[in-house]
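Visitor: below are the sequence and a predicted model for it; my questions follow.
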Amino acid sequence: MPFKIALLGPIPKGDEERKNWLDWKIKYKKHLAKVGDVEFSDGDAWRDETKPTLLVGHDLSLIKESDLVIVNAESKIGAGTAQEILVAKYFKKPVVTILPKESHHRKTKVTFDGKLIDDWIHPFIFTSSDYIAETVEQAINWIKRYQLNPNSKEIKDISLIDKVIDEYQKYKTYDYSKQNHSNFF
């Protein structure tokens, strides 16, 4: 039985954009074939934009039926991909994100509010990914280990939403209790 991988990421919006588009999925499929007997799926296979709910249903069913999800975040991801990542967590599917340094969602040596971060990864991508690789080639070993023992790694599920809210609420309570509140009013 083949290992099912759903490929998520940017696709052209309209016929004009598609004319000059280089399909990133071709390169991904070539490299990911190294993990063994693999069957790929992606939302670009069904494109009837005149039926938006059916299009969403198609894409989400691919995630539900997959064994693992690969997200191409080499460039800025869109609303659909971001939501598909969360849907993958709903179905407790492993999410492997391909996110190179110095890309839109990952920066090195970046400063936020005066604090230097050596390797900043967009917080939503960091939180919802089970593994982040700089290249699809780098992800292959993680995927092979997962295939050998899918229960050996803790795969995040939709409960991550409640977990990060709880973590923030604990932090907020602790942090604010040490502050001079007169500065906030």
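Guide: Nice, thanks for sending it over.
Visitor: from the contact counts, what lies against the biggest helix by length in the chain?
Guide: Ranked by residue count and defined by DSSP state H, the top helix of the chain is helix 160-177. Judged by 3 or more C-beta pairs under 8 Å, 6 or more residues apart in numbering; DSSP states H and E, helix 160-177 is in contact with helix 123-128. Every C-beta, even on glycine, is put in place using the N, C-alpha and C of the backbone.
Visitor: other SSEs contacting the helix or strand that the helix it packs on is followed by?
Guide: Sequence-wise, the next helix or strand downstream of helix 123-128 (DSSP states H and E) is strand 131-133. Helices and strands touching strand 131-133, as assessed by 3+ C-beta pairs under 8 Å, 6+ apart, comprise strand 95-98, helix 136-148.
Visitor: which residues are contacting the least confident helix or strand in the chain by mean pLDDT?
Guide: Least confident helix or strand of the chain, by mean pLDDT, DSSP states H and E, is helix 160-177 with a mean of 83. If you take C-beta atoms under 8 Å, 6 or more residues apart in numbering as the criterion, helix 160-177 is touched by Lys89, Thr127, Ser128.
Visitor: hey, C-alpha coordinates of it in CSV?
Guide: What follows is helix 160-177 as a C-alpha-only set of coordinates in CSV (Å, rounded to 0.1, in the frame of the first residue of the first chain):
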residue,chain,number,x,y,z
LEU,A,160,-2.4,22.7,19.9
ILE,A,161,-4.8,25.6,19.8
ASP,A,162,-5.9,25.1,23.4
LYS,A,163,-2.3,24.4,24.5
VAL,A,164,-0.9,27.6,23.1
ILE,A,165,-3.8,29.6,24.5
ASP,A,166,-3.2,28.0,28.0
GLU,A,167,0.5,28.7,27.7
TYR,A,168,-0.1,32.3,26.9
GLN,A,169,-2.7,32.7,29.7
LYS,A,170,-0.2,31.3,32.2
TYR,A,171,2.6,33.6,30.9
LYS,A,172,0.3,36.6,30.9
THR,A,173,-0.8,36.1,34.5
TYR,A,174,2.8,35.6,35.6
ASP,A,175,4.2,38.4,33.5
TYR,A,176,1.6,41.0,34.5
SER,A,177,1.8,40.2,38.2
